[in-house]
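Asks: here's my sequence, what's the structure:
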Amino acid sequence: MNSQIVIGGYGGQGVLFIGRLLAEAGLLEGREVTWMPSYGAEVRGGTAYSMAKISDKEIASPVVTNPDVLVAMNKPSLIKYEGRLKDGGILISNKSLIDTPPKKRKEASIINLPLTEMASKLGDTKCANMIAVGAMLKRTKLLSMKSVVSALKETLKGREELFKLNKMALEKGYEAA
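Replies: Purely as a prediction, here's the structure:
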C-alpha cells in the first residue's frame, strides 16, 4: 500500500492540519509516512497546500506529483491539482466554495460535498476539513477511523470541546460519502 494525498485550499481552512493528522494516524498504524506543508506569506487567507504519503514501504521523497487522493477546499486548488490526480484516484471537492463542478472523469471517483455549509450546520465552518477527512476515510479505507480519532485526540489534547466538534465532523463526512 502506497497512498499519496494532496490537500489544497486557503490558509485557515485546516489544509496543513489534515496532512499532519493523516501522517500521525499512519504512524499509529505502524506505517511509513511523510507530511510536507506549504503556505503563502499571508497564511490565513493565502494559498496553502499539504502533501502526505502513507505507505507500507520506505518512502524516498515527500513530494507528491500524482496524488491518489485530492482534497480541494477551494476553486484555485481544484484548478491547480485536478489534472494531476491519478487515474482511478479520488477527488473530494468543497461544493460550497467551488461554483463549477469538477470535470467528470471515468477513471476518477468524485465526492462533491458542500463541506463549508455542512460545517456551518455543526456550528463552526473551520471543521469543514474534518468532514473532508471523514469522506476520505469512507472511500479510501486508507486509515481506520479509530486511528484518525486517536491522532485527533492527541493533537487536540487539552481542548476537549474542539476535539468533540472535529470528531463529530469526521463522522458527518464519513456518513455523507
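
Asks: now stretch 82-97: how far from the chain's centre is it?
Replies: A distance of 11 Å separates the centroid of the chain from that of stretch 82-97, by CA atoms, centre = their mean, to the nearest Å.

Asks: now the residue lying farthest from the centre of the chain: how far from Lys164?
Replies: Distance from the centre of the chain peaks at Gly158, with 23.3 Å (CA atoms, centre = their mean). For Gly158, the distance to Lys164 equals 13 Å [CB to CB, to the nearest Å]. For glycine as for every other residue, the C-beta is placed from the backbone atoms N, C-alpha and C.

Asks: again with Val6
Replies: Counting by CB to CB, the gap from Val6 to Lys164 is 28 Å.

Asks: same question, Glu24
Replies: Remark: distance between Glu24 and Lys164 (CB to CB) = 18 Å.

Asks: who's more crowded, the two?
Replies: Glu24 (19 against 11; other CB atoms under 10 Å).

Asks: if I've got this straight, the more buried one is in a helix?
Replies: Yes: under DSSP: H, G, I helix; E, B strand; the rest coil, Glu24 falls within a helix.

Asks: check whether it really touches Lys153, as I assumed.
Replies: No: contact criterion CB atoms under 8 Å: Glu24 and Lys153 do not qualify, at 10.4 Å.

Asks: common neighbours of the two, please.
Replies: Counting by CB atoms under 8 Å, 6 or more residues apart in numbering, Glu24 and Lys153 have no contacts in common.

Asks: mind listing what's buried along the longest helix along the chain?
Replies: In the chain, taking DSSP state H as the definition, the longest helix is helix 160-176. Within helix 160-176, the residues that count as buried by 16 or more other CB atoms under 10 Å are 163, 165-174, 176.

Asks: name the residues that touch it?
Replies: 113, 115, 118-119, 122-124, 127-138, 145, 148-149, 152-153, 156.

Asks: of those, buried ones?
Replies: Using 16+ other CB under 10 Å as the burial test, the contacts of helix 160-176 include 113, 115, 118-119, 122, 127-137, 145, 148-149, 152, 156 as buried.

Asks: the contacts of helix 160-176 in helices, which ones?
Replies: Using DSSP H, the subset of these located in helices is 115, 118-119, 122, 128-138, 145, 148-149, 152-153.

Asks: can you count the residues close to Ser38?
Replies: Counted with other CB under 10 Å, Ser38 comes out at 13.
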